[in-house]
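> Need coordinates for the following:
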Amino acid sequence: MKRSIKPLMISAAALMLVTVPAAQVVAWGASGHRVIGVTAMQALPDHLPAFLRSPGAASDVGEYSREPDRWKGAGQPHDRERDTAHFIDMDDEGRVMDHRGMTMDQLPRLKSEYDAALTKVGLDVDKAGYLPYAIMDAWQNLERDFAYWRVLNAAEARETDLAKREWYRADRLRREQLILRDIGVLSHYLGDASQPHHTTIHFNGWGGETNPEGFTTSRRTHGTFEGAYTSRNLNPATVRAAMAPMNVEGFDLKARTVGMLNTTLGTVIPFYRMEKQGAFNGTDPRGVEFVNTRLAAGAEQVRDFTVAAWNVSGTALVGWPAVKVAEVEAGSVDPWIALVGED
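Model prediction:
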């Protein structure tokens, strides 16, 4: 969710996933983010750690998927810096804001470089948003925590010193909670990236200087679609069925992020054409299919990004002095000093 959207009640469909008191629900909206997180977790393959594949883990990630929205209102500089993570406003040609901005393929390596490039051509960084960097940052954090979990899990299983083994166990359990939160935060931003209004200058009714097809300019467009409409019409079974098969072969973080954002941008004009035709009134099957397909696009990416983070974590180095995850898992390196510290 981005910009100011009114709180909305949880739908019956979302209640099929997890029951939450209505007073805690805020308006993807709460229902959309929740179903993306839960559905992604339910689709994880068997080779990932068992703690990720429990009903409790899926429920936790569903709630953590709402977390970046619940951070709002903390004050400055937090809000100004964090709120702009939820979107990136591209024009119809796929450039950030307008012809002066870069395309997704031209994104600099660092957010600071992105900010500087926009400022240099006279664009407002706060209005442009930085969703791709939020996604990449969240993924890298997940990969780190997976790497530490691998080391802790391997060391715990092998350690004969009872005090050390208990420390490994306690830290592994802490890391498991961090991982679920990591996945939830990643799920939120990938969910935002699957919602058309989070990728466009037409984020709340058609914007810009021209409107050749006479699309709606209502300032309720964004909130109504991602909140009340989604809550009424999402179907977890339909979302699961619409997910593409897992695809992590040759996973490239930036390329995958850019590809997803460009794909979602391509749904903006179709959305507005469907809205003009009344497809988002009631239970018109065109609108229902569109919203569930977009939720599935978010869920499949959360699944794939999570699996890719797990795969990459096996080749990582952790701690100080750094140790190789693969060597600890093979039993050739003792990670105690690297994890606990020499002091």
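> where along the chain do the strands fall?
317-318, 323-324 (DSSP state E).
> ok, the first one: who's next to it in the sheet?
Sheet neighbours of strand 317-318, with direction, are listed as strand 323-324 (antiparallel) (DSSP bridges).
> on that earlier part again, return the most buried member of the strands of the chain.
Mean neighbour count (mean count of other Cβ atoms under 10 Å) peaks for strand 323-324 among those, with a mean of 20. Glycine gets a C-beta too; all of them are placed from N, C-alpha and C.
> Would you reformat the strands of the chain as JSON lines and include distance to residue 291 and mean pLDDT?
Formatted as JSON lines, the strands of the chain follow (distance: least, Cβ to Cβ, whole Å; pLDDT from 0 to 100):
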{"stretch": "strand 317-318", "distance to residue 291": "40", "mean pLDDT": "98"}
{"stretch": "strand 323-324", "distance to residue 291": "45", "mean pLDDT": "98"}
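> Generate TSV for those, with distance to residue 255 as supplementary columns.
Output for the strands of the chain, formatted as TSV (distance: least, Cβ to Cβ, whole Å):
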stretch	distance to residue 255
strand 317-318	24
strand 323-324	26
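> For the closest residue to residue 221 other than its chain neighbours, which residues are in contact?
Nearest residue to residue 221, sequence neighbours excluded (Cβ to Cβ, 6 or more residues apart in numbering): residue 205, at 4.6 Å. Applying Cβ atoms under 8 Å, 6 or more residues apart in numbering, we find residue 205 in contact with 215, 216, 217, 218, 219, 220, 221, 222.
> can you pull out the helices in the stretch 1-150 of the chain?
12-15, 30-42, 55-64, 67-70, 78-83, 111-120, 125-128, 131-158 (DSSP state H, counting those that start in this stretch).
> most packed of those helices?
It is helix 30-42: most buried of these by mean count of other Cβ under 10 Å, with a mean of 30.
> Dump the helices of the stretch 1-150 of the chain into a markdown table; add distance to residue 180 and mean pLDDT as well.
Shown next, in a markdown table, are the helices of the stretch 1-150 of the chain (distance: least, Cβ to Cβ, whole Å; pLDDT from 0 to 100):
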| stretch | distance to residue 180 | mean pLDDT |
| --- | --- | --- |
| helix 12-15 | 19 | 37 |
| helix 30-42 | 9 | 97 |
| helix 55-64 | 5 | 97 |
| helix 67-70 | 11 | 94 |
| helix 78-83 | 20 | 90 |
| helix 111-120 | 25 | 98 |
| helix 125-128 | 31 | 95 |
| helix 131-158 | 10 | 98 |
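> Pull out the buried residues from the contacts of residue 205.
215, 221, 222 (16 or more other Cβ atoms under 10 Å).
> residue ranges with poor pLDDT in the protein?
Scanning the chain for pLDDT under 70 picks out 1-27.
> Name the single longest helix found in it.
helix 162-194 (DSSP state H).
> of all the buried ones among the contacts of residue 205, which comes closest to residue 307?
residue 222 (31.0 Å; Cβ to Cβ).
> Which residue comes closest to that closest one once chain neighbours are left out?
residue 204 (4.1 Å).
> Just list the residues touching that neighbour, thanks.
Counting by Cβ under 8 Å, 6+ apart, residue 204 has contacts 3, 197, 219, 220, 221, 222, 223.
> Can you get me a residue count around residue 193?
Applying other Cβ atoms under 10 Å, we find 25 residues neighbouring residue 193.
> Hmm, I typed the wrong one, I wanted residue 241.
With other Cβ under 10 Å as criterion, residue 241 counts 10.
> With adjacent residues omitted, what lies nearest to it?
In space, residue 241 is closest to residue 296, 7.9 Å off (Cβ to Cβ, 6+ apart).
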